[in-house]
Structures are given as C-alpha cells and as structure tokens.
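Trainee: Sharing a model that was predicted from the sequence below.
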Amino acid sequence: MKVAPEYYDEIFPFKGEWDMESSCGLKIREVDGKKYVIVTELYQDNPGTSVTYAGKKLADQICEAKGFKLEDIIYLECTPNTNSKLSFYDEEYFQVDFFADIQHKYRQLSKEEVMKIVK
Amino acid sequence: METIKLKLIYPKWNKLPGQTTFNLPPHGPVAFAATLPEYVDISFTDENVEAIDFDEECDLVALSMMLTTQVKRGWAIADEYHKRGKKVIAGGISTMLHAEEMVNHVDSVFLGESEGRSEQVILDWKNGCLKKIYNYMGNQPPIESVGPCRRDLYKRELYNHKGVQMVDLFNASRGCRFSCYPCAVSYLGGRKFRPRPVDKVVEDMAGIDNNRLFIVDNSLAQNKEWEKELFTAIAPLKKKWISHTIEDDPEVLDLAAKAGAWYVYQAVYDTSDYIKERVKRYHDYGIGVEGTILFGLDNQTEDDIKRLIDFLGEIDLDLAEFTIFAPFPHTKGHDDLLRQGRIFDFDWDHYNAGQVVYQPKNMTPEKLQDLYDYAWKSFYASETQESKMFRLFCNVALREMEEGTYRPRDRKLINKSFGRDVDRSKRNVNVRVQ
C-alpha cells in the first residue's frame, strides 16, 4: 500500500493522537482565489494517527507551520488509490468542515471538483 | 519497599445471544502483571467468570481491557471504586482504542506496552503524583524484555469446562507488518513485526502448566525463517496449539504440524480455488481449520454473502466463526464510514461484531443482520458447534495419547463449567470462544 508521490508535494510530519509521531502527504493549491490544503493518508508510511482521526489537530499544525488561518483555507482529506485489488483503497476526496456536526462535517468531492482543484 | 495491594480486574462483557461461551484465561492482565515490581501484591478478578468483591481490601485498582464491549463496564467499575475512594488506572487494547473517552472515567490511562514502564506508574501513585496519561504509543519496549506472564494469578478451576482445561493464550511476537482494512493492530502494536527471541519463547512456553495453547499473534506468516526456527524449537515441548494464519509453504506447514499445530483461524473472504486449496493444504498436514468469515464490507452484495455461505459447505471447514464488520476507532474502516456519515450507532456495547452499527453499502442493516444469523444457523444446522469442537478435541486428545502427554479430564470438575454448575437438562446449540 505504497502511496504514489503524485499525491503530495511534501511529507508533513505531525503530532497525532497522544502526540504520536505521524505523517501525511501535503499539497497546497490556489484555485479561483481559494486556498486548498490537501492532506493525503500515507497508510504504511504513516507511523501514527490517520489524517481523519487527527482531524483539526492536524489542520491546526499545518496552519501554524505554513502561516495560514484555519478559516481562510478549504481543507481536503484524500484517501489515495493504492492500486489494491480491494475497493476500500480507491481514491476519494472529502472536504472537511471542522465546525459542523458529524453528519455534515464531511462532503465527498465529485470527480469534476477533484480534477479542477487537484490535478 | 512496603507491599502495595493492587486489585487487577478484567471487566465482563455481554456475550452474543444464542451462543454459549467458552471463557479463556485472558492474556492482557497477566502480561501486565508480569511487568509490575515484586512489592506489588496482585489480586486478580476476571469478571467473566466471577463477581467482583468491591470491598476487598486494596490500595489501587487496575483495569485491563481488550474489547470495545468491555469499556463501558470498565467505566462502571471505576465509578464503584471511586465511591470507595480508590484510584483507578486503565490499560490494554480497548483502553488504547478508546483513550479519548477513557480519560474521563479513570484516574490514569496507560497507553502502549508496559514492559519496563509500570513501576513508574506505581511510584507516581505512591508519591501522590499519578499522571492522567502515560503515553508510550508508537514507542514499544525491546521485544527481548517481554517475559513470562503471571499465570499463577489465574484461578484455574474457573477456566475449565466439564473437567477440560481451556487453552492458555501465548504471544510469540508483537506488532504486524500487514495493515488489514478492519484491523487496528498496526495502530496498537506498530507496523513492524517484532518476533520474540526463539529461546525466550521456548523457555516461556515450557513453563506453562498446560499442554494446549492459543498462540494469539496476529499472524505467524510474517517472517518465514523465524517461523521455521520457532516451529523447530517448540516441537520437543509436545504442546498442541491453535494460531492464526501460518505461511502457505509446504516446509513451514510440515514443521508446524510436527510442532503441534492443532488448528488455525483462516480468513475465508471469497469463493476462490485459492481458499479451497489453502484449507485442503492445512488438512493435508493434519492441521484443522476454523474459517473466519467477515460480513458487511463494501465490496459484498447480498448475493456474495449467500454464495460465501454456500461455499463453506464445499471446503470442509472444521469450524466457522462469523462476524459483522465493526468500525473500531483507529481503523481505516472507521475513518471511511465516519467521513461517509454511515455510522449510526456509537454505543460501544454494540461493537461486538455480531450487531450492525453502520449503514452497509449494498443492503439494509436488517438484511445484513439476517444474513449473519442465517450463516450461523446454516453452517451448524447438521452438526452443532459443540459437537464439531468435540471432534477437534478428540483429534488432539488422540495425538496427545500417542505422544504420552494426554491429561485426563479433571473428574472433580466434571459437573462444572467455568465455575458454575452444569445444567445437564439443556443442550448447547452454539459455542463461542471468548
């Protein structure tokens, strides 16, 4: 389950749950005047907490490291395609609203949205 | 150092309805107990086989929990001890999975493996500076430091069914290099396979007063050379053992059989010839197979599950255990379903792998539940689980008789099952090993 390097511009080390050493892929894109922060789960190359579980804690660390304000960014979580035979490892992108309730916290992006923002 | 009385508790959980239970002596509490200094006097209660005496004298209480279905009971136990002015610490697998909530219910949470670390917790408590969290996640102690468990703490007569002693649980390694979709092991024990030194394994195994073991390692099939060395080294002990997957290699299977492999848990995830052949190859070497069948993953339709159930009749499994996918915290399955808004039940008592707690992709929750119930009934329709287990038991007893290691039933306990009187007016329909 190696994640292809096309999914990220840099590896971002972060403190996960209980300060576990963790890492994710990171891309930052400006599209139509909006700043998109895209974190990618690295599976076997993430020794600690998943990007989803780390959630806002990870977003805060990225903002601090990059000098962003959380309210100024659009935060996307990516579960990358790992070319596994199992469909659970297909590519998906979710926009995360940390201030919404659990039912409205995640919105899956359409392929067209992904193409426009990420590719 | 003056003696400290520690009450060590393994909380009970509600067993799945319709299934009788085999209670195995739990491994986590006695592994933790082995890491405590000698001046700690431990009294152990497994609440699954005996009631807790909350008024038993003790200085400190430790909860050891493995299952998600234990955590709420653990919190209730902590409340009882708090009423009595006692401090409660918690550790174990489900403490790690549910640590965020656990900190609200106990005085201290221990995360990670305890070898070389538990004495500091005791000293902090003694000095009045117990920390809220002892965090060793991702920082495993040297595997060489894992020693024999404190099996002397077991009340052996409580792990006995009609005179037959239950298997002892044993770890030959920790960690797992695989990261399977429904599993949290890589989060808990690290993504690196950490085999124990073989000489230590042999010494530890030899010291167990039980000829039947369950090697509970996540998968033995992680390092072929170590596996071969291990099987060669333990063969002279003449123990008989259950384990998870063994390497699919003739040489390894042969060594495993000679080393006492009794039966293995083998995942049956599709209806392929590979699975059929895999089961046959185990049988060719005299190793029994309990199929483990997981229902409810997103790639399964109703028809797939029905086909899988039918397929089980073709592959000559000795036993089968069915589970419903449960999105345990810190698994990819949990993250995926959470993002998709599909988890509708966050009551941890329901995360028993026999109850649907999320919206399946290709069917209703009710249909998935029905298929699960149907699978149990259908597989054991012609022969009950207890009867199938008895046949496996006879196989191992015969092998032991040939080798001169057979221990007859304990006649004193012939009318007891896990400490309770046997009701011989009832027939058990299904038996579930816990």
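Mentor: Noted; the coordinates are in hand. These numbers come from a predicted model, not from an experiment.
Trainee: Kindly format the C-alpha coordinates of the biggest strand by length in chain A as CSV.
Mentor: Ranked by residue count under DSSP state E, the longest strand found in chain A is strand A:21-31. In CSV, the C-alpha atoms belonging to strand A:21-31 read as follows (Å, rounded to 0.1, in the frame of the first residue of the first chain):
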residue,chain,number,x,y,z
GLU,A,21,4.8,10.7,15.5
SER,A,22,2.7,10.7,12.4
SER,A,23,3.0,11.9,8.8
CYS,A,24,0.8,12.7,5.9
GLY,A,25,1.2,13.9,2.3
LEU,A,26,0.5,17.6,1.8
LYS,A,27,-0.4,19.7,-1.3
ILE,A,28,-1.4,23.3,-1.2
ARG,A,29,-3.3,24.7,-4.2
GLU,A,30,-4.7,28.1,-5.1
VAL,A,31,-7.7,27.8,-7.4
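Trainee: do that strand and chain B meet at all?
Mentor: Yes. Applying C-beta under 8 Å from any C-beta of the partner chain, one finds strand A:21-31 touching chain B at A:Glu21. C-beta coordinates here come from the backbone N, C-alpha and C atoms, glycine included.
Trainee: in stretch B:223-233, what's buried?
Mentor: B:Trp226, B:Glu227, B:Lys228, B:Glu229, B:Leu230, B:Phe231 (16 or more other C-beta atoms under 10 Å in any protein chain shown).
Trainee: what helices or strands is the longest helix anywhere in chain A leaning on?
Mentor: For chain A, the longest helix by residue count, based on DSSP state H, is helix A:56-66. Other helices and strands packing on helix A:56-66, by 3 or more C-beta pairs under 8 Å, 6 or more residues apart in numbering or on different chains; DSSP states H and E, are strand A:10-15, strand A:21-31, strand A:34-40, strand A:73-79.
Trainee: Check those for me and report the most buried one.
Mentor: Of the helices and strands packed on helix A:56-66, the one with the most neighbours on average (mean count of other C-beta atoms under 10 Å in any protein chain shown) is strand A:73-79, at a mean of 21.
Trainee: Show the contacting residues for B:Asp316.
Mentor: B:Asp316 sits next to B:Val279, B:Lys280, B:His283 when contact means C-beta atoms under 8 Å, 6 or more residues apart in numbering or on different chains.
Trainee: helix, strand or coil for the last one?
Mentor: In this case it means B:His283. Look at B:His283: counting by DSSP: H, G, I helix; E, B strand; the rest coil, its state is helix.
Trainee: And the pLDDT at it?
Mentor: B:His283 is assigned a predicted lDDT (pLDDT) of 97.
Trainee: Next up, the contacts around it.
Mentor: Going by C-beta under 8 Å, 6+ apart, the list of residues near B:His283 reads B:Val289, B:Asp316.
Trainee: burial measure for the residue of the stretch 251-400 of chain B found nearest chain A, as a count.
Mentor: Here the stretch 251-400 of chain B gets closest to chain A at one residue, B:Asp335, 3.7 Å apart by C-beta to the nearest C-beta. B:Asp335 is flanked by 21 other residues according to other C-beta atoms under 10 Å in any protein chain shown.
Trainee: residues touching it, list them.
Mentor: So B:Asp335 contacts A:Glu41, A:Ser50, A:Thr52, A:Tyr53, A:Thr79 (C-beta under 8 Å, 6+ apart).
Trainee: For the last one, which non-adjacent residue is spatially closest?
Mentor: On the basis of C-beta to C-beta, 6 or more residues apart in numbering or on different chains, the spatially nearest residue to A:Thr79 that is not a chain neighbour turns out to be A:Glu92, at 4.9 Å.
Trainee: tell me the phi and psi of that neighbour?
Mentor: As for A:Glu92, its main-chain torsions (degrees, to the nearest 10) stand at phi -150, psi 150.
Trainee: so what's the most centrally placed residue in chain A scoring on pLDDT?
Mentor: Closest residue to the average C-alpha location of chain A: A:Val39 at 2.1 Å, with C-alpha atoms, centre = their mean. pLDDT, A:Val39: 98.
Trainee: That one pairs with what?
Mentor: Beta-bridge pairing for A:Val39 (DSSP bridges): A:Leu26, A:Glu77.
Trainee: close enough to count as contact, it and A:Glu10?
Mentor: No. Assessed by C-beta atoms under 8 Å, A:Val39 is found out of contact with A:Glu10, at 11.0 Å.
Trainee: residues contacting B:Lys258?
Mentor: Each residue near B:Lys258 by C-beta under 8 Å, 6+ apart is listed here: B:Phe231, B:Ala235.
Trainee: And B:Ala261, how close does it get to B:Leu253?
Mentor: Separation of B:Ala261 from B:Leu253 (C-beta to C-beta, to the nearest Å): 8 Å.
Trainee: helix or strand for B:Phe110, which one?
Mentor: strand B:108-111 (DSSP states H and E).
Trainee: hmm, the helix or strand just after that strand touching chain A?
Mentor: Using DSSP H and E, the next helix or strand after strand B:108-111 towards the C-terminus is helix B:118-126. No. Helix B:118-126 is not in contact with chain A by C-beta under 8 Å from any C-beta; minimum separation 15.8 Å.
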